[in-house]
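1. fold the following.
(2 chains)
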Amino acid sequence: SQTIHQWPATLVQPVGSPLSLECTVEGTSNPNLYWYRQAAGRGLQLLFYSVGIGQISSEVPQNLSASRPQDRQFILSSKKLLLSDSGFYLCAGGGRGGGIQYFGAGTRLSVL
Amino acid sequence: DQQVKQNSPSLSVQEGRISILNCDYTNSMFDYFLWYKKYPAEGPTFLISISSIKDKNEDGRFTVFLNKSAKHLSLHIVPSQPGDSAVYFCAASRRGTYKYIFGTGTRLKVLA
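-> Numbering: from 1, shown residues only, chains lettered A, B, ... in the order given. Sure, this is the predicted structure:
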């Protein structure tokens, strides 16, 4: 199985400030990586996924971007945060052929 | 378009009884399904999976049933324990797409 490290656990940012959330993976090589968001009272929405270094697919048009500079590193960014970016962000890793996804502990982002 | 639906947002069950959580999907191409359990402010943890070639999979107190003709799956927890109180998500995938579509979750409360 994989271990997903995600930080920080909580973050409070003003509107218009930049964002960088980092996720690293242990226990596997060449994983598929994912960023999800869980808005209050809602399910998990897939934001981005990556099948390799530099390969990013965006699922939902938004104010966020993702990058994968190394095989086991996945970064979620924004140049200017909006109030609507508040939520619980989760990084996940999965095997190359699909199967089980393993999640990090999540980051609670509050944009004020 | 919500391809994976969990129509019961919450469920309360007495300790020792059976908990049944339901999930419906619309895309007949989905062929792999997962159930996750999530505590507040934590990432989801994998519980059990089922492939479309099976109609049942068991792991200890957890059993998942798949009815392909009805596009319905259910998670049975027997016997239910207070520690099972959490939000449960089902997720569906089509092999080779690397992506899962998650339901909105069902909050299970097991009463002691």
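
2. is the spatially most central residue of chain A bridged to anything, and to what?
-> By C-alpha atoms, centre = their mean, chain A has its centre lying nearest to A:Trp35, at 3.0 Å. Beta-bridge partners recorded for A:Trp35 (DSSP bridges): A:Phe48, A:Cys91.

3. distance of it from chain B?
-> Distance, A:Trp35 to chain B, using C-beta to the nearest C-beta, to the nearest Å: 12 Å. Any C-beta I mention is one placed from the backbone N, CA and C, and that applies to glycine too.

4. A:Ala66 versus that residue, what's the distance?
-> Going from A:Trp35 to A:Ala66 by C-beta to C-beta, to the nearest Å gives 6 Å.

5. overlap in contacts of the two?
-> Contact criterion C-beta atoms under 8 Å, 6 or more residues apart in numbering or on different chains; residues shared by A:Trp35 and A:Ala66: A:Leu47, A:Phe48, A:Phe74, A:Leu76.

6. need the contact list for residue 15.
-> As the question left the chain open, I've gone with chain A. The neighbours of A:Val15, taking C-beta under 8 Å, 6+ apart as the test, are A:Lys80, A:Leu81, A:Leu82, A:Leu83, A:Val111, A:Leu112.

7. sorry, should have said chain B
-> The neighbourhood of B:Glu15, defined by C-beta under 8 Å, 6+ apart, consists of B:Pro79, B:Ser80, B:Gln81, B:Pro82, B:Val110, B:Leu111, B:Ala112.

8. now, of those, which are buried?
-> Those of the contacts of B:Glu15 that meet the buried threshold are B:Ser80, B:Val110, by 16 or more other C-beta atoms under 10 Å in any protein chain shown.

9. TSV for the contacts of B:Glu15, including secondary structure, distance to A:Thr10 and pLDDT?
-> As requested, the contacts of B:Glu15 are exported to TSV (DSSP: H, G, I helix; E, B strand; the rest coil; distance: C-beta to C-beta, whole Å; pLDDT from 0 to 100):
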residue	secondary structure	distance to A:Thr10	pLDDT
B:Pro79	coil	35	98
B:Ser80	coil	31	98
B:Gln81	coil	29	97
B:Pro82	helix	27	96
B:Val110	strand	28	97
B:Leu111	strand	30	96
B:Ala112	coil	30	91
